[in-house]
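1. coordinates only, no sequence provided:
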């Protein structure tokens, strides 16, 4: 099988399982759209097809080149990964990074987009290793501002407002400000 290892097949299998689950869920919203002949699930399925092509390409690349260190390749070699120190703190950090989007998605209904998003952005920045408060706050504000500008001002997309009192009130304030800004232009 060339330079393929058991780990390569496991990785391919995990990605294939994710792809199959998402493809199965695409039938839940497979409806005709009057102005788009391919239906609501066309773009998600197109992205899944692109993901499948990338998976096949990755498997082919691993078969021909393996995981050996190559000139100009970014990342860690298998030998360096085996000798890396895997302490409890790093495992907890990786688990927190993987769980953060799930907690964020879960919090959107009770807390809402407007309150949960800056908390999520700041959490991810801290989990990725940034500890300087000024950098965390500045980056959070810039990314949050871009997202608010994109979704509220440009796309005028309805975002989850939350159901819990202080967060819902903040969402209502943000929507009033957005409405006032849009009437200015």
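-> Nice, thanks for sending it over. Everything numeric in this text was worked out from a predicted model, so none of it was measured.
2. can you give me the neighbour number for residue 159?
-> 19 (other Cβ atoms under 10 Å). Quick note: C-beta positions are derived from backbone N, CA and C, even for glycine.
3. ignore the last one, residue 60
-> With other Cβ under 10 Å as criterion, residue 60 counts 12.
4. check the gap between it and residue 8 for me.
-> Noted for residue 60: a distance of 11 Å to residue 8, by Cβ to Cβ, to the nearest Å.
5. what do you get for residue 91?
-> 23 Å.
6. ok, those two, which is more surrounded?
-> Remark: of residue 91 and residue 8, residue 8 carries more neighbours, 19 against 10, as counted by other Cβ under 10 Å.
7. can you tell me the SS state at the residue nearest to the more buried one when sequence neighbours are not counted?
-> Once flanking residues are discounted, residue 8 sits nearest to residue 62: 4.7 Å by Cβ to Cβ, 6 or more residues apart in numbering. Taking DSSP: H, G, I helix; E, B strand; the rest coil as the rule, one finds residue 62 in the helix state.
8. wait, residue 62 sits on residue 6?
-> No: applying Cβ atoms under 8 Å as the test, residue 62 and residue 6 come out as separate, 11.7 Å apart.
9. the more surrounded of the two?
-> Neighbours per residue (other Cβ under 10 Å) separate residue 62 from residue 6, with residue 62 holding more: 20 against 7.
10. kindly state the domain boundaries assigned to this structure.
-> 6-69, 88-184 (automatic domain parsing).
11. dump the ones you listed into CSV; add mean pLDDT as well.
-> Listed next are these as CSV, based on pLDDT from 0 to 100:
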stretch, mean pLDDT
domain 6-69, 86
domain 88-184, 87
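12. single out the most deeply packed of the ones you listed.
-> Of all those, domain 88-184 has the most neighbours on average by mean count of other Cβ atoms under 10 Å, namely a mean of 14.
13. now do it: distance to the chain's middle.
-> Computed by Cα atoms, centre = their mean, to the nearest Å, the chain-centroid distance of domain 88-184 equals 13 Å.
14. from the centroid of the chain, which residue is nearest?
-> Taking Cα atoms, centre = their mean, the centroid of the chain lies closest to residue 101, which sits 6.9 Å from it.
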